[in-house]
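Chemist: Here is my input, please return the structure:
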Amino acid sequence: MSPSHPLSPLNVLLVDDEPRSLESLRRTLDEHFNVFTADSAQTAHALMESAPIQIVVSDQRMPGTTGVEFLRQVRAQWPNTVRLILSGYTEAEDIITGINEAGIWQYLLKPWHPDQLLLTLQGAGQLWRLQQENQRLTLELRTSPEQLALRVTDLRNQAKAKAGFEKMLRAVDSPLNEVCRLAHKVARHDLSVLITGESGTGKELLARAIHYASERADGAFVVENCAAMPDNLLESELFGHKRGAFTGATEAHLGLFQQADGGTLFLDEIGETSPAFQVKLLRALQDGVIRPLGDTRSVAVNVRVIAATNRKLEADVVSGRFREDLYYRLAGIILYLPALRERAQDIPLIVADLLKNAPLVGRKFTPEALDLLRQHSWPGNVREMQNEIRRALALADGMELGAELLSPRVRQPAVPVAVLGQTPLDVPDDEAAGLLKTRLERLEAQIIQAEMQRHQGNKSRVAQELGLTRTGLRMKLERLGLA
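Modeler: Got it, this is the predicted structure:
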């Protein structure tokens, strides 16, 4: 159940010795959080003593100390603060030490993508609020266990209501209807599920709906993004480890397989795992047991696995990039989530739902603007649409949202095929050239957006994938209005 009044924005502290980085982070976050900044660990520590801080994002490499060392001190003095590292370096030992010694919740990599950073910080905010709620419930348990049991049941029922198939908005003629019908049918059976589709199509939402429609609904639903971590860290995260298992393992860690025991484990971006890790995952799925790192004993787990990918895993199996035996173990049934452009009839419903959370109730798009939203190809799918609507709401002055509030890439109307097929006698040369240029630029923008989504905003990887330099990619992003 949503609160009857809006929640106050949380306080976020950004720590970085680079002024430009701090300013970029502030611009990205200050619309959603109360943002504080510090250019050193000493300044940050003093600031935390004078103001309540719920979330800290620290650079890893700073003069005089490291982000991990600073956040270790934060953990000791303010244990409830959610701690994140932002770094351009990916040393596995730094990551492991940070997670174990400083209790770091997320290790974010530079260059970061604004949308991804905002989503991560919003998740950190949810975590902080859940921690507060957990502490309150713990106190309640001491005084009234019966009342707490009723409250837990009520919260579980609310979670089910928020994650049901009906929350996947769709029209009566939507291609999503058949997907949901099939998913609902298999949910009751302990069958492994592989969900495919582009990034941003709602694969995790579908996985949650399957979980809450299954016999495991009272168990945990645990999520892991397999593309976000190197192999050694992913193995520790999923299987757990004993204290002293490796350098930096100062505490035992309960893996996600054990956390999901009796429930569902959702493995997102499964296609990004290495063949070496796939062997270990296959063994766990086949035997129903896992072995934490550094432990000599195996632990039995009862977990349903739902995996998701935006890759063509069949092609990866043929090329040898993905193990065939693991593929068939995961693909008990394959559910394909159509891209937003494949279900344009659903767009008005999704737009209306997103506008429900607008600061001013009753805002709506004009018919012209809504037509443009329906015609756009949405390479970033629902995530891209969410950002587009937030942009329009931020720029709007009144209750009506016109087409002029949409970004240039959405305002460009689709070029009719009939016009493109006309001969030079029908269309003047300069007009035909303009149509072609417009269409090529739109196609170029869609390709770049798709790659940015796939590589989570990592411009170095996107540039390499597209055969560009970082400077060349930056110039294209600016020219196409994607920067």
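Chemist: can you list contacts of stretch 378-386?
Modeler: Contacting residues not belonging to stretch 378-386 are listed as 115, 198-202, 339-341, 347, 350-351, 354, 373, 387, 445-447, 449-450, 453 [CB atoms under 8 Å, 6 or more residues apart in numbering]. The C-beta positions use only the backbone N, C-alpha and C, and glycine is treated the same way.
Chemist: Of all the residues in that stretch, which ones are buried?
Modeler: 378-386 (16 or more other CB atoms under 10 Å).
Chemist: Now, of the contacts of stretch 378-386, which are buried?
Modeler: Taking 16+ other CB under 10 Å as the criterion, what is buried in the contacts of stretch 378-386 is 115, 198-202, 339-341, 347, 350-351, 354, 373, 445-446, 449-450, 453.
Chemist: Okay, L118 and H45: tell me how far apart.
Modeler: Applying CB to CB, to the nearest Å, the value for L118 to H45 is 26 Å.
Chemist: Sorry, slip of the keys, the one I care about is L108.
Modeler: Distance from L108 to H45, counting by CB to CB: 21 Å.
Chemist: The two: which has the busier surroundings?
Modeler: Set side by side, L108 and H45 show unequal neighbour counts under other CB atoms under 10 Å, the larger going to L108 at 18 against 15.
Chemist: Doesn't that one belong to a strand?
Modeler: Yes: if the criterion is DSSP: H, G, I helix; E, B strand; the rest coil, then L108 is within a strand.
Chemist: what's the closest non-adjacent residue to it?
Modeler: L86 (4.7 Å; CB to CB, 6 or more residues apart in numbering).
Chemist: Name the residues linked to the one you found by a beta bridge.
Modeler: Beta-bridge partners of L86, counted by DSSP bridges, are D59, L108.
Chemist: Tell me how many other residues surround it.
Modeler: 22.
Chemist: Give me the pLDDT for it.
Modeler: According to the predicted model, the pLDDT of L86 comes to 87.
Chemist: repeat for E198
Modeler: 90.
Chemist: That one contacts Y336, doesn't it?
Modeler: No: judged on CB atoms under 8 Å, E198 makes no contact with Y336 at a distance of 10.1 Å.
Chemist: Can you tell me what sits against stretch 121-130?
Modeler: Among residues not part of stretch 121-130, those counted as contacts by CB under 8 Å, 6+ apart are 7, 10, 12, 29, 32-33, 54-55, 57, 80-82, 84, 105-106.
Chemist: no wait, stretch 321-336
Modeler: 179, 182-183, 186, 191-197, 206, 270-271, 275, 278-279, 281-282, 285-286, 305, 307, 313-314, 316-317.
Chemist: In contact with the residue lying closest to H376 once chain neighbours are set aside: list those residues for me.
Modeler: What sits nearest to H376 in space, not counting adjacent residues and going by CB to CB, 6+ apart, is V410, at 4.9 Å. Under the criterion of CB under 8 Å, 6+ apart, the contact list for V410 reads 372-373, 376, 388.
Chemist: By neighbour count, which of those residues wins?
Modeler: H376 (25 neighbours).
Chemist: Quick one: end-to-end distance for stretch 232-252.
Modeler: Using CA to CA, to the nearest Å, one end of stretch 232-252 lies 16 Å from the other.
Chemist: Next: stretch 312-327.
Modeler: From start residue to end residue, stretch 312-327 stretches across 11 Å - CA to CA.
Chemist: Also stretch 9-26?
Modeler: The stretch stretch 9-26 measures 14 Å between its terminal residues, going by CA to CA.
Chemist: Stretch 50-62 too?
Modeler: When the termini of stretch 50-62 are compared using CA to CA, they are 22 Å apart.
Chemist: looking only at pLDDT, what's the mean for it?
Modeler: pLDDT averaged over stretch 50-62 gives 91.
Chemist: what's the domain layout of this protein?
Modeler: 11-128, 150-336, 339-414, 416-483 (automatic domain parsing).
Chemist: Indicate which one of those domains is closest to Q135.
Modeler: When those are ranked by distance to Q135, counting by CB to CB, first place goes to domain 11-128 at 8.0 Å.
Chemist: Any idea how far that closest one is from the middle of the chain?
Modeler: 18 Å (CA atoms, centre = their mean, to the nearest Å).
Chemist: per-residue confidence for G263?
Modeler: According to the prediction, G263 has pLDDT 92.
Chemist: Which neighbouring residues are in contact with it, exactly?
Modeler: Under the criterion of CB under 8 Å, 6+ apart, the contact list for G263 reads 211, 216, 219-222, 303-304.
Chemist: Among those, name the ones in helices.
Modeler: If you go by DSSP state H, the contacts of G263 have H211 in helices.
Chemist: From the contacts of G263, list the buried ones, please.
Modeler: 211, 216, 219, 221-222, 303-304.
Chemist: Next step: those restricted to strands.
Modeler: 221-222, 304 (DSSP state E).
Chemist: Looking at those, spot the one nearest S236.
Modeler: Proximity of those to S236 (CB to CB) peaks at V222, which lies at 14.9 Å.
Chemist: Check the gap between that closest one and L401 for me.
Modeler: From V222 over to L401 (counting by CB to CB), the distance is 38 Å.
Chemist: buried sites along stretch 463-470?
Modeler: Using 16+ other CB under 10 Å, the residues of stretch 463-470 that count as buried are 463, 468.
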